Every structure is written in C-alpha cells, then in structure tokens.
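Engineer: sequence plus the predicted model coming up.
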Amino acid sequence: MSNSDLQDFLREKSKQQPSKPIDWNAKKVSWEKALNKLYLQLEAFLGNLISEKVLVISRRPVTVQEDYLGSYQVDQLVLSVGSEQVVFAPKGATIVGASGRVDVLGQAFTRTLLWVNGDGSNPSDWSFIVSRSPKLKLVMLSQDSLLDVLKDTMAQ
C-alpha cells in the first residue's frame, strides 16, 4: 500500500458517520426480560412434572459482573429432582455471536444455552450448543432438546 492509498483510505473513512452508540442500560433490561421469558417457557415445558411434585423449580438471585453493563442482579433457575439440582445460571448479555448466554450446570456436565433471536419469549429464540468444533452446532430449545440436556447434565 502506498502512502497515497493510505491517505485515500483514511480520507474515505473520515467521511463515514459514526455508528450509533449502544444503549447498555436498554441491553441489560432486555436481557433481564428475556431471562424471565426463558424461565417461564421452561416452567411451561415442565408444568405437569411440577404439579406432580416430581421436580421443584425455584429461583435464586445471583450477581453478574460484565464489561459495559457493570454489576447487576438476576435470578438463576434451579430444578431440583430427587437429591440432584440443575441450575440455569445466566452468564451475561455481552456475548460474541449471541444476545445472551445461560450455562446449564448439573452434577455430570455443563451445557450452554444461547439467546440467539427475538425478544426471548419463544423457544426458537434460544438454542443449546451441541458442539463447538469443527463448527458451532446449535439446537433450538424444545422439550426434546431440554430432555437431552438434562440427561447430559444430570448424574446417571
């Protein structure tokens, strides 16, 4: 690249409009709403088992610390089944390639759930990571994918 190419490139860049700044507070609020909608969807998937007292669902507050969003409090969703627990633990909204991330922590394994679309109110807004390499593979949240994740994360 010659000096004139560099100058032309930078002159062109200087004419571009600055990008709109990110409203971090609005991002945090939408993340909190999406989490609540996710938890309601999970409770709907498991409704019969909750009413049969096969499992108990509870929420517990946790503090999350993120760049740009700072420190804030959200709920974890805890599924208690017998002597075991599976925790849906929010990790954050400043995630590369997604709008948010929730880790699913069990005794045997941890899986990752990503908020990938929409406002978080539909199961199709959320996807589990099935594999990371050689290429990222996602599976949409459904009762079937939730069953697979619970089988993976819980002790056998």
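Structural biologist: It's in.
Engineer: output the lowest mean pLDDT helix or strand found in the protein.
Structural biologist: When each helix and strand of the chain is scored by mean pLDDT, DSSP states H and E, helix 3-15 comes last, with a mean of 86.
Engineer: on contacts alone, who are the packing partners of it?
Structural biologist: Taking 3 or more CB pairs under 8 Å, 6 or more residues apart in numbering; DSSP states H and E as contact, there are no helices or strands that helix 3-15 lies on. (C-beta placed from N, C-alpha, C; glycine too.)
Engineer: following element in sequence after it, please.
Structural biologist: Next along the chain after helix 3-15, taking DSSP states H and E as the criterion, comes helix 24-45.
Engineer: check which helices and strands that next one is in contact with.
Structural biologist: Counting by 3+ CB pairs under 8 Å, 6+ apart, helix 24-45 packs on strand 56-66, strand 70-81, strand 84-92, strand 100-105, strand 110-115, helix 143-153.
Engineer: can you put those in a markdown table and add mean neighbour count and distance to residue 134?
Structural biologist: Shown next, in a markdown table, are the helices and strands packed on helix 24-45 (neighbours: other CB atoms under 10 Å; distance: least, CB to CB, whole Å):
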| stretch | mean neighbour count | distance to residue 134 |
| --- | --- | --- |
| strand 56-66 | 12 | 29 |
| strand 70-81 | 16 | 32 |
| strand 84-92 | 18 | 24 |
| strand 100-105 | 20 | 21 |
| strand 110-115 | 20 | 17 |
| helix 143-153 | 16 | 20 |
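Engineer: just send the ones you listed back as a markdown table, with distance to residue 11 and mean pLDDT too.
Structural biologist: Formatted as a markdown table, the helices and strands packed on helix 24-45 follow (distance: least, CB to CB, whole Å; pLDDT from 0 to 100):
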| stretch | distance to residue 11 | mean pLDDT |
| --- | --- | --- |
| strand 56-66 | 37 | 97 |
| strand 70-81 | 38 | 97 |
| strand 84-92 | 38 | 97 |
| strand 100-105 | 39 | 97 |
| strand 110-115 | 40 | 97 |
| helix 143-153 | 51 | 95 |
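Engineer: TSV for those, including distance to residue 35?
Structural biologist: Shown next, in TSV, are those (distance: least, CB to CB, whole Å):
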stretch	distance to residue 35
strand 56-66	10
strand 70-81	6
strand 84-92	6
strand 100-105	7
strand 110-115	8
helix 143-153	16
